[in-house]
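**Q** got a structure for you, letters missing:
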């Protein structure tokens, strides 16, 4: 298990900050940087060696621009052309030696509907939390795609995997899918398919491959109606024993769907000591990334909050490893 961070910007200060925290791996994506990323071979090669000058390696990419593959996920008329464009990105990752393509399967809506979104308090000392209440958004207007059923979204996902898995196997690039955050049955007319343990397992079983697995966002899994914080170590063991946890988002949450909020690592429903212990027990070897952090006073770029999460996680790993 290796602590990783998402890269927020291609500038010396950002790369130095990550390296100075003792973090050795970065994820390209999970931040606004994704919208500016070029995915061609030469650009990826240049980025790889730029990061290497700071002692950083790329553990994977996370989410490509929506316009590249929106039709793939909604089953639109340009689906096959967009699949080919996405497969070329996977090939380029393999050519450059970037080992993972992490992605979500929620077209357009993405992470949406949080009534408190990091700036409105709610946490200890007034720290800004992200909070969700399904009753506030369940009747929100449709997206431009209209209504799409969960079964259609699932079928589109399977169609993509049947094309992508052979390419991923050829180029040794892992495909890691994020659960639906928030794990609602639908949002703005778009059905959701990765919102329970059974549904997460369903997509793994649909196109079995050692290169198809999970971007295991433990915060979202806590939010699953059938999980909650206390059950999280059990779910980690369920998927970890299958070797299907490729990448972890490390986060804590209070509550679960339909009402929940993201918290500091030591202030939510999951016992993070038992959580990290479960990852180590199942032999998880991939990147683990603190993803969201509450907004701390005076921390405009959230570096203090992220440093707190990195230190907390490193301390847990060292304590558990030393206890054997």
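**A** Structure received. Owing to the predicted nature of the structure, the values given are computational and were not obtained by experimental measurement.

**Q** where along this structure do the helices fall?
**A** For the chain, helices defined by DSSP state H occupy the ranges 12-20, 41-52, 66-74, 79-96, 134-137, 150-171, 197-206, 218-223, 232-240, 272-281, 303-323.

**Q** output the contacting helices and strands for the third one.
**A** Pointing back at helix 66-74 there. Applying 3 or more Cβ pairs under 8 Å, 6 or more residues apart in numbering; DSSP states H and E, one finds that helix 66-74 makes contact with helix 79-96, helix 150-171. C-beta coordinates here come from the backbone N, C-alpha and C atoms, glycine included.

**Q** recalculate using a threshold of 6 Å.
**A** helix 79-96 (3 or more Cβ pairs under 6 Å, 6 or more residues apart in numbering; DSSP states H and E).

**Q** equivalent analysis for the first one, please.
**A** Contact here means 3+ Cβ pairs under 6 Å, 6+ apart; on that basis helix 12-20 packs against no helix or strand.

**Q** got it, and the longest one?
**A** Judged by 3+ Cβ pairs under 6 Å, 6+ apart, the packing partners of helix 150-171 are helix 79-96.

**Q** then the last one?
**A** Helix 303-323 sits against helix 272-281, with contacts defined as 3+ Cβ pairs under 6 Å, 6+ apart.

**Q** how about a cut-off of 8 Å?
**A** strand 2-6, helix 272-281, strand 287-290.

**Q** buried set for it?
**A** By neighbour count on 16 or more other Cβ atoms under 10 Å, the buried set for helix 303-323 is 303, 305, 306, 307, 308, 309, 310, 312, 313, 316, 317, 320.

**Q** compute the inter-axis angle for it and helix 12-20.
**A** Between helix 303-323 and helix 12-20, the angle comes out at 20 degrees (axes from the mean of the first three to the mean of the last three Cα atoms, to 10 degrees).

**Q** which outside residues touch helix 303-323?
**A** 1, 3, 5, 17, 21-23, 250, 264-266, 272-273, 276-277, 280, 288, 290, 293-296, 298-299 (Cβ atoms under 8 Å, 6 or more residues apart in numbering).

**Q** how about residue 141, what does it touch?
**A** Residue 141 touches residue 188, counting by Cβ under 8 Å, 6+ apart.

**Q** now do residue 253
**A** Contacts of residue 253 by Cβ under 8 Å, 6+ apart are 219, 222, 223, 229, 260, 261, 262, 263, 268, 269, 270.
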